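K.L.:
Here's a sequence, model it:
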Amino acid sequence: MADNHAHDDYVRGSMEISEQESTFKLFIFLAKYGSLAIAAVLAFLTIWFMPNGSFFGGFIVMVVMMVGGVFALRSKPAAH
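P.N.:
Down below sits the predicted model:
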């Protein structure tokens, strides 16, 4: 027969989740800024290697995208 265990081994909401929360925050941070970096590098390379493109024009676009993206993606203050 099955062993009868006490049902009070797990209490909903009693687990420590700080490690999961910090892992989630790190994942979101890397996903946001990683996507921004990929988009900026892709724009840089596209402008640099297009016909009559220039390295400096692509670099300027990349810097503008990075600065604008950092301002757009930074964390907002809590609403409470």
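
K.L.:
packing partners for the biggest helix by length in the chain?
P.N.:
In the chain, taking DSSP state H as the definition, the longest helix is helix 18-49. Secondary-structure packing of helix 18-49 (3 or more C-beta pairs under 8 Å, 6 or more residues apart in numbering; DSSP states H and E): helix 55-73. Heads up, the C-betas are built off the backbone N, CA and C, glycines and all.

K.L.:
rewinding a little: tell me what angle the longest helix of the chain forms with helix 55-73.
P.N.:
Calculated by axes from the mean of the first three to the mean of the last three C-alpha atoms, to 10 degrees, helix 18-49 forms an angle of 150 degrees with helix 55-73.

K.L.:
Now do the buried residues in helix 18-49.
P.N.:
Using 16 or more other C-beta atoms under 10 Å as the test for burial, helix 18-49 gives Lys32, Leu36, Ala40, Ala43, Phe44, Ile47, Trp48.

K.L.:
Tell me the pLDDT of the first one.
P.N.:
What the model reports as pLDDT for Lys32 is 95.

K.L.:
Name all residues that make contact with it.
P.N.:
Leu73 (C-beta atoms under 8 Å, 6 or more residues apart in numbering).

K.L.:
quick check, nearest of the buried residues of helix 18-49 to Lys76?
P.N.:
Lys32 (12.5 Å; C-beta to C-beta).

K.L.:
Could you check how far that closest one is from Leu73?
P.N.:
For Lys32, the distance to Leu73 equals 5 Å [C-beta to C-beta, to the nearest Å].
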